[in-house]
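S.K.: below are the sequence and a predicted model for it; my questions follow.
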Amino acid sequence: MKGMTIIVKTISSWVKMLIILFGIYIILFGHLTPGGGFAGGVILASSYILLMLSFGREFVEENLPLPIASKLDCLGAFLFAMIAILGLVFGGAFFVNFLYQKYLPGQPLELISAGTIPLSNIAIGLKVGASLFLVILTLSICCKDFKPNTPSDGKE
Amino acid sequence: MAIFYVLLLFMIIAAIIAIETKNLLSSVICIGAIGFGASLMFLFLRAPDIAITQIVVEVLGLIILIRATISRDLTFITGDREFFGTVISVVIIFVIFLAGIRVFETLPDFGTAIFAKTEGSASQTYIEKGLDDTGAANIVASVILDYRAYDTLGEATVLFTSIIGATVILRRKAKKLLEEPD
């Protein structure tokens, strides 16, 4: 994939930060407003998809290489499992909301409240975003190898 | 209520077009129209969480599908249907339709929750004690990340496993290994 014209490149380089900010907002405010880890993670992934469509796959691969993306994926899954196991250690049962019940009650409707729920949202957002980015990256790598239009191109 | 019937009609027409059209790209766009209709329906049913997720996933899936269909050459689907297979599928659909009528007669009316009337049922407990138990103002977050967190763990595991499978099958090294003779 080569990328598109300079108009698309300029606009998408302006818009990408807004999309990333919106995704972070959706993840961080998941326990107060509609949204949460899954939707925010998909929004984060979609900003990179926009970059991939406008600038080409090589640009995105330099920005966020595949090993780092897979490490982010594993980190998200690890964090979510870790929160569950910390509930077992401190609260007495798997997935207990120990932060809210014992250490950090917090006021409802504030950003720092609800104990482990925002942390779980962050972990799930990281995991879903990196996973969907990986899916599309691997699919586009795979797409490059199949060239039904030009079988005798000789470039590969 | 009328908006739901309009949306349902729109989605059914889009689904029929998506099945019947010969062009692959217009079929993909019709599938996107079905998804956007579903997200509008969730919005009118006052489920903004699901509506956000549905619309974001739908945009992403539409982009991927269009990208995948454009990179291929757009072949038109040709060929007739088999007579025997068509008859069998119509009979199966008719039987399921007859069974579905009997089932739908027993369902409660639209918008009346039977669990809300029962004392001490799970959904009523979540609504009444959700804020006190978890401290999260968004009750959906308190259900999926506190009461039903095992579900979310399972979902994350499914996603993780599918990503591992896709990366292993589609990675570049495996293709090179296949091409090179040992």
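M.R.: Perfect, thanks for sending it.
S.K.: in chain A, where is pLDDT below threshold?
M.R.: Residue ranges of chain A with pLDDT under 70: A:1-3, A:142-156.
S.K.: repeat that with 80
M.R.: Chain A contains residues with pLDDT under 80 at A:1-4, A:91-92, A:98-115, A:139-156.
S.K.: all helices for it, in order.
M.R.: Assigned by DSSP state H, the helices in chain A fall at A:6-28, A:37-55, A:57-63, A:66-86, A:98, A:117-145.
S.K.: looking at the ones you listed, which one is packed in the most?
M.R.: Per residue and on average, the most neighbours among the helices of chain A fall to helix A:37-55, with a mean of 24 (mean count of other Cβ atoms under 10 Å in any protein chain shown). For every residue, glycine as well, the C-beta is placed using N, CA and C.
S.K.: now the angle from it to helix A:66-86?
M.R.: 170 degrees (axes from the mean of the first three to the mean of the last three Cα atoms, to 10 degrees).
S.K.: now check helix A:37-55, is it near chain B?
M.R.: Yes - Helix A:37-55 is in contact with chain B by Cβ under 8 Å from any Cβ of the partner chain, via A:37-39, A:42-43, A:45-46, A:49, A:53.
S.K.: report the inter-axis angle for that helix versus helix A:117-145.
M.R.: Using the same axes, to 10 degrees: helix A:37-55 against helix A:117-145 is 30 degrees.
S.K.: who's in contact with the nearest residue to B:L43 once chain neighbours are set aside?
M.R.: The spatially closest residue to B:L43, leaving aside those adjacent along the chain, is B:A51, at 4.3 Å (Cβ to Cβ, 6 or more residues apart in numbering or on different chains). Counting by Cβ atoms under 8 Å, 6 or more residues apart in numbering or on different chains, B:A51 touches A:34, B:39-40, B:42-43.
S.K.: one step back: ok, which of the helices of chain A comes nearest B:I96?
M.R.: Smallest distance to B:I96 across the helices of chain A (Cβ to Cβ): 31.6 Å, for helix A:37-55.
S.K.: got the CA coordinates for that closest one in PDB?
M.R.: Taking Å, rounded to 0.1, in the frame of the first residue of the first chain, the C-alpha atoms of helix A:37-55 are listed here in PDB:
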ATOM      1  CA  GLY A  37     -12.400  -0.400  27.600                       C
ATOM      2  CA  PHE A  38     -13.700  -2.100  24.500                       C
ATOM      3  CA  ALA A  39     -15.100   0.900  22.700                       C
ATOM      4  CA  GLY A  40     -12.100   3.100  23.600                       C
ATOM      5  CA  GLY A  41      -9.600   0.400  22.500                       C
ATOM      6  CA  VAL A  42     -11.300   0.100  19.100                       C
ATOM      7  CA  ILE A  43     -11.200   3.900  18.700                       C
ATOM      8  CA  LEU A  44      -7.500   3.800  19.500                       C
ATOM      9  CA  ALA A  45      -6.900   1.100  17.000                       C
ATOM     10  CA  SER A  46      -8.900   3.000  14.400                       C
ATOM     11  CA  SER A  47      -6.600   6.000  14.600                       C
ATOM     12  CA  TYR A  48      -3.700   3.800  13.500                       C
ATOM     13  CA  ILE A  49      -5.900   2.300  10.800                       C
ATOM     14  CA  LEU A  50      -6.500   5.800   9.500                       C
ATOM     15  CA  LEU A  51      -2.700   6.400   9.400                       C
ATOM     16  CA  MET A  52      -2.300   3.100   7.700                       C
ATOM     17  CA  LEU A  53      -4.800   3.900   5.000                       C
ATOM     18  CA  SER A  54      -3.400   7.400   4.400                       C
ATOM     19  CA  PHE A  55       0.400   7.000   4.800                       C
END
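S.K.: ok, the residues of helix A:37-55 next to chain B vs A:S12, which is closest?
M.R.: Of those, the one sitting nearest to A:S12 (Cβ to Cβ) turns out to be A:L53, at 7.8 Å.
S.K.: do you know how far A:I49 is from A:F59?
M.R.: 13 Å (Cβ to Cβ, to the nearest Å).
S.K.: try A:L44
M.R.: 17 Å.
S.K.: on that earlier part again, from B:I13, how far off is the residue nearest to B:L43?
M.R.: With Cβ to Cβ as the criterion, B:A51 and B:I13 are 21 Å apart.
S.K.: check contacts around the nearest residue to A:G115 once chain neighbours are set aside.
M.R.: Nearest-residue entry for A:G115: A:Y100, 2.8 Å, with adjacent residues in sequence omitted and distances by Cβ to Cβ, 6+ apart. A:Y100 sits next to A:106, A:113-117, B:134-135 when contact means Cβ under 8 Å, 6+ apart.
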